[in-house]
Structure formats: C-alpha cells, structure tokens
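Asks: Sequence and predicted structure below; questions after.
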Amino acid sequence: MANRGLAKRIVPCLDVKDGQTVKGTNFVNLRQAGDPVELGKAYSEAGADELVFLDITASLEGRRTFTDMVTKVASEINIPFTVGGGIHELSDVDRLLYAGADKISLNSAAIKTPSLIDEIAAKYGSQVCVCAIDARLDDRGWYCYMNGGHTPTDLPLFEWAHEVADRGAGEILFTSMNHDGVKQGFALEALARLAEDVPVPIIASGGAGKKEHFRDAFTIGHADAALAASVFHFGEIDIRELKKYLRNEGVNVRL
C-alpha cells in the first residue's frame, strides 16, 4: 500500500476541446465551461493542490492549440499540473514538458504501447508519468476502455493497474465510467481495492457530487487524491469550503 500519511489532494480536471473547457456525463453530452487558462488560474488561487488538463480531441490542429495553452497555464499558475491527450510517443512527452507541464497522463497510448511507460519513467522519472485508466463495471467485472471511453478492451482493471505500476507509472488516475458525471459518489469498492493492492498513489475520478463524496473517497476508498470537474466548473462546490469540511471530518488536507 502506498504511503497514506501524506496530505490528500483536491484536483480539478479540465477537459479541453478546441481551446475551451468542456464537461459531459458518462463521457458524452459535452457543454462549455470556460477558458482553461482562466479557470486554472482561479483554481490555483482557490486552493486546489494540482490541476489536470486533458486534450480530448487531440487532432494535429488541436495539439498545437493545446501546447500553446500549456505554455500559458505554466506562466499563470504556481501549483503542479498534469496534461494528457494525444500522447503517442516520447516526443509528445518532451513537447508538453518543455511547454511547462509537471506531469503527463497516458491512457490509450499506454494500453497500445505499454513500453512507453517504461521509456517515460526511465527518461524523466516515475513522478512524471500518471497512468489514466478509464474502466467500466459490467457482468464480467471491471474492464478498461480506450479512446476517451469509446473503445472497450479485454484488459481487466486490477491486472492493468498492477502492470502500469510495475512498469514505472508514478500514479494511477482511475475513472469509473459508470460513475462519471452522475454525481452519486466515487467507485469506493474498486478504489479501496486499488489502494490496497497497487503500490502507487491512486487518484479517484468519476462521481463527485457533494462534499461527502470526497470524504468517502479518502476514508473508505483510501484514495490519495480526488479529481472532479463539473462540481468545480459550475460553482457547486467551493474548494476552500470543501477542504475545511474535510479537515473537520479528520482528513489531512492542506488548507
């Protein structure tokens, strides 16, 4: 089990499409939520511990827009941020780190080319490599999906989580597709199993709707960080209020 003594992190996630932040439900029905650089800056000032920016339509055109955005974000905020989307090879990682990102997030590329995880860890260190895993619970159990949740695979969640940690990923960002955007709470059972079984920090994603859900992600799911999007973007939960609440509930957070 990873070290649970560290402060738990609150991580707003910004899905970026054509230079704008968007948010959907169960990975579809996107709506606009504002300028990612401005939102990132606001979250940084509001007490977020880290940020995640995902280029969800990483076509060649989008990549250039996204790289420019990363440079702007790096100049405007003073907390660590992770970027993902459209990363297929080491040169993509070089480009985004050079633009100012602190970490990169891999999902589909890691499933297609698992050795990319080894390469990134070898070149930059494990702390730079976040492996994002989108998984859905069905009759067979938890299985991983690629391409922004559009392509099912035969890869079991827990088996894959072990492999990415073994290959050198520094963190796992686990999104439950069943819970994404529906605001009914995180996938606590799966989270707790990941936290117990896998030796790297686990970031919980998919399902935040109220403050209690964050508490449960940390106390029942034993997550190291909790990520959310719409509850922050649309002002439903204030990050400072959330952290005060968590502190009162006995969760170690930075105020």
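Replies: Arrived safely. Numbering: from 1, shown residues only.
Asks: in the stretch 51-200 of the chain, which spans are strands?
Replies: Secondary structure of the stretch 51-200 of the chain (DSSP state E, counting those that start in this stretch): strands located at 51-55, 81-84, 103-106, 129-138, 141-146, 151-156, 171-176.
Asks: would TSV of the ones you listed with distance to Glu241, mean neighbour count and mean pLDDT be doable?
Replies: Yep, even glycine has a C-beta here, placed from its N, CA and C like the rest. Compiled in TSV, the strands of the stretch 51-200 of the chain are given as follows (distance: least, CB to CB, whole Å; neighbours: other CB atoms under 10 Å; pLDDT from 0 to 100):
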stretch	distance to Glu241	mean neighbour count	mean pLDDT
strand 51-55	19	24	94
strand 81-84	22	26	96
strand 103-106	27	24	96
strand 129-138	27	23	96
strand 141-146	32	19	96
strand 151-156	38	13	95
strand 171-176	24	25	97
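Asks: can I get those in TSV with distance to Lys41?
Replies: Written out in TSV, the entries for the strands of the stretch 51-200 of the chain read as follows (distance: least, CB to CB, whole Å):
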stretch	distance to Lys41
strand 51-55	10
strand 81-84	11
strand 103-106	19
strand 129-138	22
strand 141-146	32
strand 151-156	34
strand 171-176	22
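Asks: if I look at Asp68, how far off is Pro152?
Replies: 33 Å (CB to CB, to the nearest Å).
Asks: continuing past the worst-scoring helix or strand of the chain on mean pLDDT, what's the next helix or strand?
Replies: Evaluated with mean pLDDT, DSSP states H and E, the helix-and-strand set of the chain has its lowest mean pLDDT in strand 28-34, which scores a mean of 66. Using DSSP states H and E, the helix or strand that follows strand 28-34 towards the C-terminus is helix 36-45.
Asks: residues in contact with that next one?
Replies: Taking contacts as CB atoms under 8 Å, 6 or more residues apart in numbering, the residues outside helix 36-45 that touch it are 12, 14, 16, 19-21, 33, 51, 53, 69, 72-73, 76-79, 81, 232-233, 239.
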